[in-house]
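*Asks:* structure of the sequence below:
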Amino acid sequence: MICELLLKAGANIESAHHQMRGATPLMISTYDVRNRHDEPAKLKTLAVLLKFKADVNAVGNDGFTALLLAAQNSYPTLCEALIKAGANVHARESDWHSTALILAAQNVDGEPVAEKDDKALVIVTLLLAAGADPAAVNGKGHTALSCAQANGLMLTATALKMWLGGLTEAQKK
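*Replies:* Numbering: from 1, shown residues only. Next comes the predicted model:
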């Protein structure tokens with residue numbers, strides 16, 4: 001893998017890319033648009049970067065971390081790897097102050113709702129299990145639940161309601 005060869009040759013693992021809002025290689029590995037649907041390749045790159053001790057909580061100029069980007073871009077396996085590596089599930093980006101949980105419940109890329117809902121459900125479950133706050137509110141007054149509902153992500157909304165204790169026993173069935 002080219003990434004590993006470069007790192008072994010002394011490449012700066014924390015080098016901030018000035019044209020990509022100060023993103024580090026770890027952050028870039030979570031949203032390279034040229035390979036939008038190649039999650040397994042992204043996971044391999046992320047694993048190499050983590051092996052070489054990339055800062056899992058590095059913050060770009062816009063406040064985004066690798067976990068925030070992976071959640072926003074609907075990459076469940078990347079989110080899982082980042083959480084296991086110690087990513088901060090409470091981090092917030094600097095524009096709207098959204099958390100990874102809120103970003104996971106949005107559909108900014110226009111994915112088909114059913115596909116997005118499946119991925120969002122996995123990501124939200126991972127984040128909640130890692131201690132993310134289901135009641136967190138962003139700068140626009142939105143929660144993960146309100147975003148999931150607004151975007152038609154009903155499985156994700158149901159999971160969030162259950163986590164918040166907002167469903168009766170009859171509704172859970």
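
*Asks:* distance check, the residue nearest to Phe64 when sequence neighbours are not counted against Val137.
*Replies:* Of all residues not flanking Phe64 in the chain, Glu93 sits nearest, at 4.9 Å (C-beta to C-beta, 6 or more residues apart in numbering). C-beta coordinates here come from the backbone N, C-alpha and C atoms, glycine included. From Glu93 over to Val137 the distance is 14 Å, taken as C-beta to C-beta, to the nearest Å.

*Asks:* next one: Ser94
*Replies:* Taking C-beta to C-beta, one finds Ser94 at 16 Å from Val137.

*Asks:* which neighbouring elements make contact with the helix or strand hosting Val124?
*Replies:* According to DSSP states H and E, Val124 maps onto helix 113-129. With contacts defined as 3 or more C-beta pairs under 8 Å, 6 or more residues apart in numbering; DSSP states H and E, helix 113-129 has these neighbours: helix 76-84, helix 100-104, helix 144-150, helix 154-164.

*Asks:* neighbouring contacts of that helix?
*Replies:* 71, 74-76, 79-80, 83, 89, 100-101, 104-105, 107, 111, 134, 144, 148, 151-156, 159-160, 163 (C-beta atoms under 8 Å, 6 or more residues apart in numbering).

*Asks:* of those, grab the buried ones for ChimeraX.
*Replies:* Selection command for ChimeraX covering only the buried members of the contacts of helix 113-129, criterion 16 or more other C-beta atoms under 10 Å:
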select :71,74,75,76,79,80,83,89,100,101,104,105,107,111,134,144,148,151,153,156,159,160,163
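
*Asks:* for the residue nearest the centre of the chain, list the residues it contacts.
*Replies:* Nearest residue to the geometric centre of the chain (C-alpha atoms, centre = their mean): Ala71, 1.9 Å. Counting by C-beta under 8 Å, 6+ apart, Ala71 makes contact with Cys79, Ala100, Leu101, Leu103, Ala104, Ile123, Leu127.

*Asks:* gap between whichever strand or helix holds it and the chain center?
*Replies:* Assigned by DSSP H and E, Ala71 belongs to helix 66-72. Going by C-alpha atoms, centre = their mean, to the nearest Å, the spacing between the C-alpha centre of helix 66-72 and its chain's C-alpha centre is 3 Å.
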